[in-house]
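> Sharing a model that was predicted from the sequence below.
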Amino acid sequence: MNRRRAFLPPHAAGWLLGFVLLLTGLQAAAQQDPPGRIGHLNFHQGAVSYSPSGDNDWYEATPNRPLTTGDRLWTDRNARAELYLGSTALRLDEQAAITLSELDDNITRVTASQGRLQLRARELAAGQRLEIDTANLAVVVDAPSDLRIETDPA
């Protein structure tokens with residue numbers, strides 16, 4: 001009678017299984033949690049478009065659309081939009097273009113390349129940074145504020 005031999009001895013199979021589980025646990029630990037704060041398009045009127053991070057195409061914006069680092073917004077002629085970034089409201093007037101340059105639990109950085117913006121920061125937690133960049137100016141908000149910013153690409 002021929003006995004079949006196992007591919008691995010029983011103790012080696014246990015060690016191999018343990019090693020595979022260890023590698024899986026290390027991979028899961030290496031992945032970072034996504035940021036707890038995102039932006040969302042609260043309101044828009046008229047033609048408002050967005051372009052997701054890493055995409056060159058533009059799409060019609062929809063209310064409550066989540067936005068994160070690298071996403072861009074554009075308001076067309078006679079259009080307006082309101083974007084919430086935590087407790088901060090950012091309103092875009094017609095023909096305004098912004099990029100969410102950085103958005104995570106600690107930093108909100110918006111780059112405005114064209115148009116008029118109104119920013120209302122109700123509160124800023126300790127250690128949070130809120131910044132609006134233009135081609136010539138960077139505004140760092142460190143206290144509750146109500147700002148209006150206009151930038152021209154020329």
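All right, it came through fine. Residues are numbered from 1 along each chain as shown.

> Name the nearest residue to F43, sequence neighbours excluded.
Leaving out its chain neighbours, the residue that sits closest to F43 by C-beta to C-beta, 6 or more residues apart in numbering is E82, at 4.2 Å. For the C-beta atoms, the positions are set from N, CA and C on the backbone; glycine is no exception.

> Please disregard the earlier target; I meant V139.
Among residues not flanking V139 along the chain, I132 sits closest, at 4.6 Å (C-beta to C-beta, 6+ apart).

> Hmm, G70 is touching N56, no?
No - when contacts are counted by C-beta atoms under 8 Å, G70 is not listed as touching N56 (11.9 Å).

> Of those two, which one has the most company?
Between G70 and N56, counted using other C-beta atoms under 10 Å, G70 has the larger neighbour count: 15 against 6.

> which SSE is that one in?
Under the criterion DSSP states H and E, no helix or strand holds G70.

> Report the contact partners of it.
Residues near G70 by C-beta atoms under 8 Å, 6 or more residues apart in numbering: P52, S53, G54, T99, L100, S101.

> confidence score at it?
G70 is assigned a predicted lDDT (pLDDT) of 93.

> now it: how far from A112?
For G70, the distance to A112 equals 15 Å [C-beta to C-beta, to the nearest Å].

> go on, P66?
Counting by C-beta to C-beta - P66 and A112 are separated by 20 Å.

> Which one of the two is surrounded by more residues?
Between P66 and A112, A112 has the larger neighbour count (other C-beta under 10 Å), namely 23 against 9.

> name the helices or strands packed onto the helix or strand harbouring Y50?
Element membership for Y50 (DSSP H and E) is strand 48-51. The contact analysis (3 or more C-beta pairs under 8 Å, 6 or more residues apart in numbering; DSSP states H and E) places strand 48-51 against strand 59-60, strand 72-75.

> and the one helix or strand L117 maps to, how far out from the chain's middle?
Remark: L117 resides in strand 107-121, with elements defined by DSSP H and E. Computed by C-alpha atoms, centre = their mean, to the nearest Å, the chain-centroid distance of strand 107-121 equals 14 Å.
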